[in-house]
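In: Give the three-dimensional model of this entry:
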Amino acid sequence: MATPAFECPTDVCPPMFDQYAGQTSYFGGESPLSKAVGYLVVVGFGALFSIFTTMVVFADKKFAGNASITSEHFNTAGRMVKTGLTASVIVSQWTWAATLLQSSNVAWNYGVSGPFWYASGATIQVLLFGVLAISLKDIAPSAHTMCEIVRARWGKTAHLTFLFFAFCANIIVTSMLLLGGAATVEALTGVNYELASFLIPWGVILYTSAGGLKATFMASYLHTMIIFAVLITMITIVYVKAYSSDQIYDYLAQTVAYTKEECELLFSEDGTAETSFYLGEDGSKQYACGYVTGNNSGSYLTMLSSDGLMFGIINIVGNFGTVFVDQSYWQSAIAARPQSAARGYLLGGICWFAIPFSLATSLGLASTALMLPISKSEAGSGLVPPAVADHLLGSAGSALILIMLFMAIVSTGSAESIAVSSLVAYDVYREYWNPEATGKQILWVSRVVIVVFGIFMGLFSIALNEMGLNLGWVYLFMGVVIGSAVIPLWNMMTWSKASGKGAVIAAWSGLVLALIGWLVGAKIQGEAVTVATLGTNEVMLSGNLIAILSSGFIHYVYSKFIDPQDFDFATLDENIHLVEQDLSGLGAEQQDKNELRRAKRWIVRRGYLLTFVLILVWPILSVPAGIFTKDYFAFWVLVSIAWGFGAAIIISVLPLVESQEDIGNVFGGMWNYIRCKEGDINQYAEEEAAPAKTLDEEPTKEVEAETPAADGEEAA
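Out: The predicted model follows:
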């Protein structure tokens with residue numbers, strides 16, 4: 001880091017002034033970690049997880065006697081995943097690079113409202129998707145993809161329409177992973193951005209193509225544990241070891257107390273206004289110093305933030321698109337047991353809330369409190385968390401954020417890869433290219449697509465970076481593109497009158513109207529259509545709202561008054577066909593209509609209630625507080641810490657408790673293998689117990705003859 005360039009020009013100096021005076025950016029082109037560390041994480045961790053996950057899948061197959069990898073199993077994981085693992089997977093695939101990076105960026109911009117609106121605005125979609133998940137288990141249990149359901153209900157035109165939106169969702173999400181990931185890898189290690197964009201996907205490609213959805217789920221659990229471990233470390237460092245909530249409160253209050261003139265002196269080369277770099281070419285401030293425009297009394301310590309609220313609305317609308325239109329969430333619902341589908345999504349949403357809320361409340365607020373020289377450009381690229389971690393822990397902090405980020409990238413990346421491979425295999429190859437495709441052909445296509453998609457996305461993220469689009473810009477833009485598909489898909493699963501023609505018209509009209517509104521808004525507000533004017537909150541808000549609201553209105557009117565349907569949901573699954581007759585997860589027990597009705601009632605009540613609390617009750621209750629007092633802020637921080645620790649414990653322990661029998665079977669099978677026996681432990685327990693039941697030979701044979709039947713009943 002640079003040495004102090006001049007004496008502090010103000011009466012009260014920022015906490016870290018002596019360390020960073022005169023710096024125009026935090027990283028300043030210097031990487032806290034070596035390139036070797038970057039390659040070790042990007043390449044080494046990718047190879048490590050590939051080997052580990054492949055070994056786990058092999059052990060599960062060989063020693064626990066579980067099914068071999070068919071095309072059905074590759075894309076559905078046997079449809080029998082339990083609640084804890086379902087929740088862990090939801091947390092893992094919903095933890096994007098943006099979750100870790102962009103959440104702290106909005107804290108840097110708006111203060112305490114930023115982390116809250118990021119977390120609540122992206123949690124409610126997961127809670128509400130639980131309703132679609134249990135509906136899917138009820139009316140389309142044989143489905144492999146959401147577009148198969150569209151085809152079965154609405155036909156070819158609608159199928160092609162929503163296939164387009166599904167691919168857009170996958171591409172946008174993966175773009176954000178690589179844009180944020182590659183920028184952070186470059187900043188922390190010096191590894192070339194283009195090279196990082198190309199190398200990162202290979203950590204996903206290897207184990208996903210080898211083990212399919214089940215491998216993705218197993219790896220996701222480990223990724224989630226590591227992410228929460230780093231999260232808890234950062235919370236503890238900021239609010240327990242290095243500082244307290246009271247100190248951060250005082251620093252935040254001082255940050256906004258500086259006048260514009262004082263900020264210009266603080267952020268200058270020699271302490272004079274002539275050499276100041278505080279303001280950008282457009283006259284806007286480039287650093288966290290001084291009055292916060294749009295916030296109550298210009299404070300970071302308030303929920304009364306117009307820009308924060310605007311971001312919250314954009315976040316809510318955009319994330320409906322990236323959940324409801326993203327095949328990976330439908331795939332997780334397909335893979336889960338019926339009861340686990342509802343509970344897993346609810347639990348996953350609640351636990352996920354802690355990641356952006358707790359992380360950004362610690363690292364994001366610390367960045368502004370300490371007034372680190374993080375430029376607006378660096379913050380927009382997602383470099384707030386690595387900068388604060390590097391400041392607090394040195395190279396160890398940078399390494400932890402890098403590992404955490406890589407976990408987020410590969411967990412979501414693997415989910416997106418398997419989602420795209422399923423769409424291509426079932427909705428393109430099987431539907432339009434080879435209707436008589438065998439399971440082996442589907443499996444081969446799935447694996448090829450995973451490799452091709454990974455390479456394509458590496459190149460695509462490089463192109464986006466060359467166009468000047470960063471993580472924050474793409475994050476705000478996603479709802480403009482895919483928001484118009486949300487309400488038609490919800491209606492497809494829940495409304496018998498929903499029209500297929502109306503859905504097609506609504507989706508395309510919503511997209512066109514959103515793009516027009518977005519472009520016109522940029523022209524009116526900025527007098528020119530540029531990347532910068534298109535990326536403002538007001539313009540993005542208009543595009544996002546037009547997309548989802550116009551589409552919903554058009555589909556409702558068309559379905560209600562022009563082309564009303566009376567669809568019988570009981571017939572939907574008849575139009576969806578399995579490639580192989582793998583009926584795991586499709587037995588009578590899993591299709592019990594009474595159980596499904598109870599599960600749907602359970603998730604509807606709790607999902608709607610929690611949504612109401614997160615987007616209305618909580619914000620309204622915080623309004624009377626105005627600018628937070630020191631005690632109120634301490635309570636706010638306490639909630640974030642408790643939520644983070646609670647979520648970490650639940651998401652780490654529950655999957656192990658639920659899977660203890662399966663884990664025991666694997667280790668038992670390994671023990672049998674060491675003893676030169678083949679098969680799983682249950683088989684040998686039965687074989688060894690059988691002779692003890694009789695003394696003569698004949699009854700022994702009888703018992704042995706009964707054993708396969710008992711096994712068959714157990715499997716059923």
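
In: switch to C-alpha atoms for all contacts and neighbour counts from now on
Out: Will do.

In: got the residue ranges for the helices in the stretch 51-200 of the chain?
Out: 71-76, 83-94, 97-110, 113-139, 146-154, 156-189, 193-236 (DSSP state H, counting those that start in this stretch).

In: and the last one, how far from the chain's centre?
Out: Think helix 193-236. Relative to its parent chain, helix 193-236 has a centroid offset of 12 Å by C-alpha atoms, centre = their mean, to the nearest Å.

In: For the following helix or strand past it, buried residues please.
Out: The element immediately downstream of helix 193-236 (helix or strand, assigned by DSSP states H and E) is helix 245-257. Neighbour-count burial for helix 245-257 flags 245, 248-249, 251-257 (criterion: 16 or more other C-alpha atoms under 10 Å).

In: Determine the set of other helices and strands touching helix 245-257.
Out: Packing contacts for helix 245-257, counted by 3 or more C-alpha pairs under 8 Å, 6 or more residues apart in numbering; DSSP states H and E, involve helix 365-369, helix 630-658.

In: could you give the mean pLDDT of the last one?
Out: Here the mean pLDDT over helix 630-658 is 94, rounded to a whole number.

In: counting contacts, what elements does it pack onto?
Out: On a contact count with 3+ C-alpha pairs under 8 Å, 6+ apart, helix 630-658 meets helix 83-94, helix 193-236, helix 245-257, helix 338-359.

In: again, only this time at 10 Å
Out: With contacts taken as 3 or more C-alpha pairs under 10 Å, 6 or more residues apart in numbering; DSSP states H and E, helix 630-658 sits against helix 83-94, helix 193-236, helix 245-257, helix 338-359, helix 660-674.

In: Including distance to residue 522, could those helices go into a markdown table?
Out: Rendered in a markdown table, the data for those read as follows (distance: least, C-alpha to C-alpha, whole Å):
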| stretch | distance to residue 522 |
| --- | --- |
| helix 83-94 | 30 |
| helix 193-236 | 29 |
| helix 245-257 | 30 |
| helix 338-359 | 29 |
| helix 660-674 | 56 |
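
In: For the ones you listed, which has the smallest mean pLDDT value?
Out: helix 660-674 (a mean of 73).

In: Pull up the gap between the nearest residue in space to residue 51 that is not next to it in sequence and residue 46, please.
Out: Of all residues not flanking residue 51 in the chain, residue 207 sits nearest, at 7.4 Å (C-alpha to C-alpha, 6 or more residues apart in numbering). Distance of residue 207 to residue 46, given as C-alpha to C-alpha, to the nearest Å: 8 Å.

In: Tell me which of the helices and strands packed on helix 245-257 lies nearest to residue 26.
Out: helix 365-369 (10.7 Å; C-alpha to C-alpha).

In: Following the chain past the closest one, name the next helix or strand.
Out: helix 376-380.

In: could you dump the buried residues of helix 245-257 to JSON lines with distance to residue 612?
Out: Output for the buried residues of helix 245-257, formatted as JSON lines (distance: C-alpha to C-alpha, whole Å):
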{"residue": "245", "distance to residue 612": "29"}
{"residue": "248", "distance to residue 612": "31"}
{"residue": "249", "distance to residue 612": "29"}
{"residue": "251", "distance to residue 612": "33"}
{"residue": "252", "distance to residue 612": "30"}
{"residue": "253", "distance to residue 612": "31"}
{"residue": "254", "distance to residue 612": "35"}
{"residue": "255", "distance to residue 612": "34"}
{"residue": "256", "distance to residue 612": "33"}
{"residue": "257", "distance to residue 612": "36"}
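
In: Which one of those residues is nearest to residue 513?
Out: Residue 513 has its nearest neighbour among the buried residues of helix 245-257 in residue 256, at 39.7 Å by C-alpha to C-alpha.

In: list the contacts for residue 556?
Out: 487-488, 491, 497-499, 502-503, 506, 550, 562, 564 (C-alpha atoms under 10 Å, 6 or more residues apart in numbering).

In: Now for residue 207 and residue 46: what residues contact both?
Out: residue 52.

In: So residue 573 sits against residue 138, correct?
Out: Yes: the pair residue 573 / residue 138 is scored as a contact, 9.2 Å apart, by C-alpha atoms under 10 Å.

In: so how many other residues sit close to residue 466?
Out: 11 (other C-alpha atoms under 10 Å).

In: Equivalent analysis for residue 606, please.
Out: If we define neighbours as other C-alpha under 10 Å, then residue 606 has 16 of them.

In: again, but for the one 5 residues further on
Out: Neighbour count for residue 611, taken as other C-alpha under 10 Å: 19.

In: which residues touch the nearest residue to residue 645 once chain neighbours are set aside?
Out: Spatially, and ignoring its direct neighbours in sequence, residue 645 is nearest to residue 232 (6.7 Å; C-alpha to C-alpha, 6+ apart). Residues in contact with residue 232 (C-alpha under 10 Å, 6+ apart) are 355, 358-359, 641, 644-645, 648.

In: again with residue 306
Out: 110, 113, 293-296, 312 are the contacts of residue 306 under C-alpha under 10 Å, 6+ apart.

In: List phi and psi for residue 285.
Out: With angles defined as degrees, to the nearest 10, residue 285 sits at phi -70, psi 150.

In: Without its sequence neighbours, what residue ends up closest to it?
Out: Using C-alpha to C-alpha, 6+ apart and skipping residues adjacent in sequence, the residue nearest residue 285 is residue 279, 4.5 Å away.

In: May I have the phi/psi pair for the one you found?
Out: Dihedral angles (degrees, to the nearest 10) for residue 279: phi -100, psi 150.

In: ok so, going back, show me which of the contacts of residue 556 is closest to residue 284.
Out: Nearest to residue 284 among these is residue 550, at 33.6 Å by C-alpha to C-alpha.

In: From residue 157, how far out is residue 674?
Out: Counting by C-alpha to C-alpha, the gap from residue 674 to residue 157 is 57 Å.

In: So which of these two has more stuff around it?
Out: residue 157 (14 against 10).

In: Just to check, the more buried one is in contact with residue 502?
Out: No: with contact defined as C-alpha under 10 Å, residue 157 and residue 502 do not form a contacting pair (11.2 Å).

In: got the helices of the stretch 51-200 of the chain as a markdown table, with distance to residue 436 columns?
Out: Output for the helices of the stretch 51-200 of the chain, formatted as a markdown table (distance: least, C-alpha to C-alpha, whole Å):
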| stretch | distance to residue 436 |
| --- | --- |
| helix 71-76 | 14 |
| helix 83-94 | 32 |
| helix 97-110 | 39 |
| helix 113-139 | 25 |
| helix 146-154 | 16 |
| helix 156-189 | 18 |
| helix 193-236 | 22 |
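
In: These: which one's closest to residue 616?
Out: Of those, nearest to residue 616 by C-alpha to C-alpha is helix 113-139, at 10.0 Å.
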